[in-house]
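Asks: Below are the sequence and a predicted model for it; my questions follow.
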Amino acid sequence: MQCAELQAHITAVRAERGFTTELLQILAHLLEELGEVGRALKPTWAPIYGDFDPERLASELADVNVLLHALAQAFAIDLEAATLAKLDADGARDWPSSR
């Protein structure tokens, strides 16, 4: 499935399930899910947080991806094209970290 097809599929599934289309609510959910990504990563830097669970991380990253696509769709942004354009533009920059 191409990125545009995935974006359309996500939109259809979210509509079918009655999920919000309010932009600020989607953003709030996205930020919440980013926090859950952080929580899933905690065990990678401190054993006090238990064992790292890659399946949990995958699930949280998928949530982030779904919500990111929902925001892009709300503004008719082709996320694949935007990402590729950004990578190309960044390729022309001088990155101090690459020196």
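Replies: All right, it came through fine. Numbering: from 1, shown residues only.
Asks: wait, what's in contact with F52?
Replies: F52 is in contact with A40, L41, P43, T44, counting by C-beta atoms under 8 Å, 6 or more residues apart in numbering. Heads up, the C-betas are built off the backbone N, CA and C, glycines and all.
Asks: next one: stretch 80-91 to chain centre, how far?
Replies: Centre-to-centre, stretch 80-91 and its host chain are 16 Å apart (C-alpha atoms, centre = their mean, to the nearest Å).
Asks: same thing with stretch 67-84?
Replies: With C-alpha atoms, centre = their mean, you get 10 Å for stretch 67-84.
Asks: same check, this time on stretch 32-44
Replies: 13 Å.
Asks: again with stretch 81-92
Replies: Taking C-alpha atoms, centre = their mean, one finds stretch 81-92 lying 17 Å from the centre of the chain it belongs to.
Asks: Kindly report the same for stretch 55-71.
Replies: The answer for stretch 55-71 is 5 Å, by C-alpha atoms, centre = their mean.
Asks: Does anything pack onto the longest helix anywhere in the chain? Which helices or strands?
Replies: Determined from DSSP state H, the single longest helix within the chain is helix 54-74. Judged by 3 or more C-beta pairs under 8 Å, 6 or more residues apart in numbering; DSSP states H and E, the packing partners of helix 54-74 are helix 3-16, helix 23-41, helix 79-91.
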